[in-house]
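>>> model this:
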Amino acid sequence: MLKHFYSRFLTGILPGLRRGDLKTASTPSGRALLLQLWDYRKYAMMTVYLLCMGFALGVIYIYAGDRPVEAAVPQAPEKVTAVEKVLPLPFEEGHQNTEVVVHLPQDLEVAPSFPRRQEVTPDRPPLWKANAVAVSGLMPGQPQISIVIDDLGLLKHNTLRLINMKPGLTLSFLPYATELTRQTELARDRGHELMLHLPMQPRGDAFPGPHALTSGLSEDELIHQIVWNLDRFDGYVGINNHMGSAFTEDSKGISRLLAEVEARGLLVLDSRTTNNSVLADMAQSEDIPYTVRDVFLDNTQDVDYILGQLDKLESYARRHGSAVAIGHPYDETIEALELWLPKLREKGIHLVPLSHIVEGKYRKTMIARGGMDQAE
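Okay, here's the model as predicted:
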């Protein structure tokens, strides 16, 4: 086969010499000359062939061996489009999951934005007071409502929509969201109070997010997770649980969490994802400022349903003087709030940050216990 190839190849280059000439030469000397010329051409072309092969192998070696591997170079994240794979955003237990585009940090072990621990001292007010948003225009005896929006920071667009709403909301950010400093500072500048939405172990197989507090951790591991979460951003007044129907029933784990919460001077909101939660009761026993969630706004993602829940919230606030609701960054929740908030003043109800409701409750508790100085 190779002989045939060389024959065709060489006669193509020197058309004056045909393979048939080797058979039709009229004299023996002529045939010998032709055979000699044929062998010379054959060897020459084999040499050229080998040189070409060597050159090709050299090129492959240079580009495949010495060239840096491009796949090892970190590439900038591409813009996410609607057709790309999305991750499920974890919401409070009992909520329907919705699929959204979620960008988590490339390395969740990066140093926190504000890696400091501010213990309460006699000459420094606790953080839940120092970071509280001031309230103005509240009439004596006027019903008060606090709207806490959980799960913020992941859905950047909806987070910004909530930040741009009427001041006075309490915005609770997930500590594993990206760009927390920029988002939380903007929220503070727009007059909203900040909370840290602390991931905790739920019952079942729902995923609460990275660095969640779980009952299976050793004491050192649990402390590490608590500190990591609480150091993620600054300016918040307290914590509330993200999921946590399992962990908030664990008195040992909650005790360790509250020790850090008290040392930092934070308040506690028990989201009440389980009726057996010990978070609020243990906070009360430790004289830590706290309150509990009264109404979930958006277990059903429907504007009319959410408006109905807001009506229930108003009734509760009129009966008890104050009420706390928790919602989430659903489009339907935002739309309902946009319809409801402008009408709140004419109803005689005042929107207040969470710390204001907690302060009133804490003051009454401390006065009843004879600790009025501590309540100041």
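
>>> switch to C-alpha atoms for all contacts and neighbour counts from now on
Will do.

>>> so where's the protein shaky on pLDDT?
Under the criterion pLDDT under 70, the flagged ranges of the chain are 1-44, 47-49, 52, 54-122, 371-376.

>>> let's go with 80 and repeat that
1-123, 369-376 (pLDDT under 80).

>>> can you show me the strands along it?
Residue ranges of the strands in the chain, as given by DSSP state E, are 87-89, 98-100, 144-152, 170-173, 193-200, 238-243, 267-270, 290-292, 295-296, 322-327, 350-351.

>>> list of residues touching the longest one?
Applying CA atoms under 8 Å, 6 or more residues apart in numbering, the external contacts of strand 144-152 come out as 91, 159, 169-174, 177, 197, 242, 313-314, 317, 321-329, 349-354, 357.

>>> repeat that for 7 Å
With CA atoms under 7 Å, 6 or more residues apart in numbering as the contact definition, strand 144-152 has outside contacts at 91, 159, 169-174, 197, 317, 321-329, 349-354.

>>> just the CA atoms of that strand, as PDB, please.
Extracted as PDB, the C-alpha positions of strand 144-152 are listed here (Å, rounded to 0.1, in the frame of the first residue of the first chain):
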ATOM      1  CA  GLN A 144     -47.500  49.300  66.400                       C
ATOM      2  CA  ILE A 145     -46.500  46.800  63.600                       C
ATOM      3  CA  SER A 146     -43.100  45.500  62.700                       C
ATOM      4  CA  ILE A 147     -42.600  43.900  59.300                       C
ATOM      5  CA  VAL A 148     -39.500  41.600  59.200                       C
ATOM      6  CA  ILE A 149     -38.400  40.400  55.700                       C
ATOM      7  CA  ASP A 150     -36.200  37.300  55.900                       C
ATOM      8  CA  ASP A 151     -33.900  35.600  53.400                       C
ATOM      9  CA  LEU A 152     -32.400  38.900  52.000                       C
END
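
>>> show me how the chain divides into domains.
2-66, 110-375 (automatic domain parsing).

>>> turn these into TSV, including mean neighbour count.
Listed next are those as TSV, based on neighbours: other CA atoms under 10 Å:
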stretch	mean neighbour count
domain 2-66	13
domain 110-375	19
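
>>> now render the strands of the chain as JSON lines, adding distance to Ala132.
Shown next, in JSON lines, are the strands of the chain (distance: least, CA to CA, whole Å):
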{"stretch": "strand 87-89", "distance to Ala132": "29"}
{"stretch": "strand 98-100", "distance to Ala132": "31"}
{"stretch": "strand 144-152", "distance to Ala132": "13"}
{"stretch": "strand 170-173", "distance to Ala132": "10"}
{"stretch": "strand 193-200", "distance to Ala132": "7"}
{"stretch": "strand 238-243", "distance to Ala132": "10"}
{"stretch": "strand 267-270", "distance to Ala132": "11"}
{"stretch": "strand 290-292", "distance to Ala132": "14"}
{"stretch": "strand 295-296", "distance to Ala132": "22"}
{"stretch": "strand 322-327", "distance to Ala132": "16"}
{"stretch": "strand 350-351", "distance to Ala132": "14"}
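
>>> these: which one's closest to Gly209?
For Gly209, the closest of the strands of the chain is strand 193-200, at 6.4 Å, according to CA to CA.

>>> end-to-end on stretch 272-285?
End-to-end span of stretch 272-285 (CA to CA, to the nearest Å): 17 Å.

>>> sorry, slip of the keys, the one I care about is stretch 293-302.
Terminal residues of stretch 293-302 are spaced 20 Å apart (CA to CA).

>>> which outside residues touch it?
By CA under 7 Å, 6+ apart, stretch 293-302 touches 94-95, 270-272, 306, 309-310, 313, 323-327, 332-333.
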